[in-house]
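*Asks:* Prediction below, plus the sequence it came from.
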Amino acid sequence: NVTSIGNYAFFNCSSLTSITLPNSVTTIDYCAFYNCTGLISANIPDSVTFISNGLFKGCRELRSIKIHDNVTAIGNDAFSYCSKLTSIYIPDRVASIGNSAFYNCANLTSINIPNGIRTIENYTFSGCTGLTSITIPNSVTSIGSYVFSGCTGLTSITIPSSVTSIGDGAFSNCTSLNSVNIPNGVSSIGSYVFDNSSIYNDESRWE
């Protein structure tokens, strides 16, 4: 009969390896599983529509997570520092992904950005060194600051024509990035966007 799980409910439960939540749960609050360093897998019940801020932050052993089609939003830092997470499916109904949602998910090799996303928030994929390529959907109009900063495995990226602004340092320290296409509709490019990337000092690589 549990319907909600409160803030920091399982904070620092380092021996917790898996958890299954019943469909009666509709709310999982801020940082409920923060720093559960032994957590390997978790299922989010169909009744939960919001992945709250910091929900699995610091769950460095988390390798699989099932996110169902009813989820509409992912909060800030929801999966940050989940360094063993290799892939995650984000349903099409998700309309917002918060700041640093996948920050330092070093082994994340693939991720889909849903078509309903309009803004990729600051630091969303920063430090995801395992990403080699990513597709940004045509719904996106704004790429925030340091979104892909430190994605050292990223070799190419296509920015859709819908994008009008790119924030500070968005592709900084992307040391393998050798191809980028900036569409004509971009009217604002921040500072240090390609700082310390492989194309920084070689304008011949710009497309």
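*Replies:* Thanks, I have it.
*Asks:* When you work out contacts or count neighbours from here on, use the C-alpha atoms and nothing else.
*Replies:* OK.
*Asks:* Report pLDDT for S87.
*Replies:* S87 is assigned a pLDDT of 86 by the prediction.
*Asks:* Looks like it contacts A106 (just checking).
*Replies:* No. Contact criterion Cα atoms under 8 Å: S87 and A106 do not qualify, at 10.8 Å.
*Asks:* More neighbours: the two, which one.
*Replies:* When neighbours are counted by other Cα atoms under 10 Å, A106 comes out ahead of the other of S87 and A106, with 25 against 17.
*Asks:* how much space is there between the more buried one and T132?
*Replies:* The gap separating A106 from T132 is 12 Å, by Cα to Cα, to the nearest Å.
*Asks:* What part of the chain, helix or strand, is modelled with the least confidence?
*Replies:* Across the helices and strands of the chain, the lowest-confidence element by mean pLDDT, DSSP states H and E is strand 64-66, at a mean of 78.
*Asks:* can you pull the buried residues of that one?
*Replies:* If you call a residue buried by 16 or more other Cα atoms under 10 Å, then strand 64-66 has these buried ones: S64.
*Asks:* in its sheet, what does the next helix or strand after that strand sit against?
*Replies:* Scanning forward in sequence from strand 64-66 by DSSP states H and E, the next helix or strand is strand 73-74. Sheet pairing of strand 73-74 (DSSP bridges) gives strand 50-51 (parallel), strand 96-97 (parallel).
*Asks:* outside of the first one, which residues touch it?
*Replies:* In other words, strand 50-51. Counting by Cα atoms under 8 Å, 6 or more residues apart in numbering, strand 50-51 makes contact with 27-28, 71-75, 78, all of which sit outside it.
*Asks:* Mind pulling up the pLDDT for the closest residue to T152 other than its chain neighbours?
*Replies:* Residue nearest to T152 in three dimensions, not counting chain neighbours: C174, with 4.6 Å by Cα to Cα, 6 or more residues apart in numbering. The pLDDT attached to C174 in the predicted structure is 94.
*Asks:* re the thing from before, out of the contacts of strand 50-51, which is most surrounded?
*Replies:* Neighbours were tallied for each of the contacts of strand 50-51 (criterion: other Cα under 10 Å), and the maximum of 27 neighbours falls on A78.
*Asks:* on that earlier part again, so which elements touch the least confident helix or strand of the chain?
*Replies:* Secondary structure elements in contact with strand 64-66, counted by 3 or more Cα pairs under 8 Å, 6 or more residues apart in numbering; DSSP states H and E, are strand 41-43, strand 87-88.
*Asks:* Serialize those strands to JSON lines and add fields for distance to S4.
*Replies:* Supplementary listing: those in JSON lines, determined by distance: least, Cα to Cα, whole Å:
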{"stretch": "strand 41-43", "distance to S4": "15"}
{"stretch": "strand 87-88", "distance to S4": "24"}
